[in-house]
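Colleague: Okay, sequence plus prediction incoming.
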Amino acid sequence: MSTRTAGPGSARTAGSPWRNWAGNVTSRPVREVSPASADELAAELRRAARDGLRVKTVGTGHSFTPIAATDGVLVRPDLLTGIRRIDRAAMTVTVASGTPLKRLNVALAREGLSLTNMGDIMEQTVAGATSTGTHGTGRDSASLAAQIRALELVTADGRTLTCSAERHPEVFAAARIGLGALGVVTAITFAVEPLFLLTAREEPMRFDRVIAEFDQLHAENEHFEFYWFPHTDNCNTKRNNRSAGPAAPLPRLGGWFEDEFLSNGVFRAACALGRAVPPVIPSIARVSSRALSARTYTDIPYKVFTTPRRVRFLEMEYALPREAATTALRELKAMVERSPLKVSFPVEVRTAPADDVALSTASGRETAYIAVHLYRGTPHRGYFTAVERIMTAHGGRPHWGKVHTRDADRLAAVYPRFAEFTALRDRLDPERLFANDHLRRVLGD
């Protein structure tokens with residue numbers, strides 16, 4: 001393998017294929033680069049353009065689509081990490097784009113600060129998570145991208161733009177969820193707030209009750225979500241609300257037993273068995289869903305919002321108008337019950353308020369998210385196709401980082417600001433330096 005070093009950053013000829021976390025996407029870039037600054041990145045972009053190579057940036061590879069796949073130059077932001085600045089007057093934190101959310105959350109907690117809301121895992125880089133629309137669940141608080149107050153973007157011509165609602169507002173409106181199509185994000189400024197406590201209440205509940213009370217559960221809780229276990233009538237609900245304390249974390253042994261041993265170790269074994277012998281899946285689902293018990297605990301936000309996910313899977317998630325969620329879920333349950341499908345993973349349901357990001361799945365409308373998963377290596381097309389048919393019939397928008405079959409024409413029909421985004425792309429990247437086959441499908445040429 002040949003190596004070229006340029007200052008603190010480096011470039012090297014790619015020696016092996018790149019694979020995403022789930023293992024369903026592989027690509028072989030010509031070379032990989034790890035710039036240590038926006039200036040070094042700009043130089044690499046100019047070099048790629050001279051060489052006639054496309055450029056994609058990858059974080060930890062947690063997207064299930066080929067959004068980061070390239071046969072050109074793969075940018076790894078490993079050296080673009082760390083907190084640049086905390087502004088306690090403005091209550092913001094500026095962080096380099098390659099910083100893992102896990103490191104950011106821990107560092108903020110040490111400073112007595114927190115993000116307002118977050119997704120349910122924190123392995124991704126901040127730029128990877130925001131660029132694909134990562135979200136959690138919230139009645140009033142929205143996705144990670146909606147918490148961005150400014151970002152630094154290196155464009156195809158090597159310029160570095162600092163964008164906010166006041167500076168380059170048209171770029172800011174789009175680049176918060178930019179899909180890697182507008183440039184390479186090198187830093188993000190998030191809104192933060194003083195560290196607070198959340199009380200989580202987890203409770204098993206029957207499917208019909210959750211559906212009947214869905215609007216009430218959403219309205220009464222700051223953060224509500226639930227999981228339905230296919231082939232059963234059983235759900236597990238989770239309500240997170242702010243607390244005055246005191247903190248009452250999960251006991252170390254008890255938390256390990258439920259979140260690691262049962263939810264990862266035993267669940268992985270059950271999924272492997274189900275993949276090998278699909279007829280046993282409904283029985284496993286009935287036993288595992290009945291084993292759930294209620295629990296309540298109080299802790300700082302990232303320890304409540306996020307959980308370890310070590311069982312690898314494929315995922316499809318659609319964002320629906322919130323008022324369509326219960327109908328779609330009934331249709332999904334009926335489809336599974338009348339089909340020969342055997343589904344080993346629970347279905348996850350979350351919500352979000354409307355936001356103002358051009359290609360956000362919650363752009364301009366109150367949203368409910370319905371996510372389906374299958375254990376890695378399990379044939380998924382039949383299930384995902386049937387689910388997608390239901391979701392698109394209700395005006396669903398696919399998560400940008402998860403499996404779907406939509407193309408630019410279909411996406412333009414459900415995103416009122418789609419043309420605004422593609423026009424900006426034409427202006428910032430007319431030669432399509434940041435294109436790949438996946439972006440051609442979802443955004444057009």
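Modeller: Arrived safely.
Colleague: Start and end of stretch 142-150, how far apart?
Modeller: Distance across stretch 142-150, first residue to last, is 16 Å (Cα to Cα, to the nearest Å).
Colleague: now it, how far from the chain's geometric center?
Modeller: 13 Å (Cα atoms, centre = their mean, to the nearest Å).
Colleague: any residues touching it, and which ones?
Modeller: Residues outside stretch 142-150 that contact it (Cβ atoms under 8 Å, 6 or more residues apart in numbering): 90, 92, 94, 115-119, 126, 129-131, 133-136, 141, 162-165, 167, 172, 176-177, 188-191, 352-353, 355-357, 360, 362. No exception for glycine: its C-beta is placed from N, CA and C like everyone else's.
Colleague: which among those residues end up buried?
Modeller: 92, 94, 115-119, 126, 129-131, 133-136, 141, 163, 172, 176-177, 188-190, 352-353, 355, 357, 360, 362 (16 or more other Cβ atoms under 10 Å).
Colleague: what sits against the residue nearest in space to the middle of the chain?
Modeller: Geometric centre of the chain, nearest residue: residue 134, 3.0 Å, by Cα atoms, centre = their mean. Counting by Cβ under 8 Å, 6+ apart, residue 134 touches 119, 124, 143, 144, 145, 401.
Colleague: Which of those sits closest to residue 234?
Modeller: residue 119 (24.2 Å; Cβ to Cβ).
Colleague: gap between the closest one and residue 266?
Modeller: Distance of residue 119 to residue 266, computed by Cβ to Cβ, to the nearest Å: 24 Å.
Colleague: Also residue 19?
Modeller: Taking Cβ to Cβ, one finds residue 19 at 26 Å from residue 266.
Colleague: got it, and residue 138?
Modeller: Applying Cβ to Cβ to residue 138 and residue 266 gives a distance of 30 Å.
Colleague: Looking at those two, which is more packed in?
Modeller: residue 138 (25 against 14; other Cβ atoms under 10 Å).
Colleague: Skipping adjacent residues, who's closest to that one in space?
Modeller: residue 117 (4.9 Å; Cβ to Cβ, 6 or more residues apart in numbering).
Colleague: just residue 74 next, same as before
Modeller: That would be residue 29: by Cβ to Cβ, 6+ apart, it lies 3.9 Å from residue 74.
Colleague: Any stretches of the stretch 1-150 of the chain with poor pLDDT?
Modeller: Residue ranges of the stretch 1-150 of the chain with pLDDT under 70: 1-8, 14-15.
Colleague: Let me see the ranges of the helices in it.
Modeller: For the stretch 1-150 of the chain, the helices defined by DSSP state H, counting those that start in this stretch cover 38-51, 101-110, 126-131.
Colleague: Phi first, then psi, for residue 422.
Modeller: phi -70, psi -30 (degrees, to the nearest 10).
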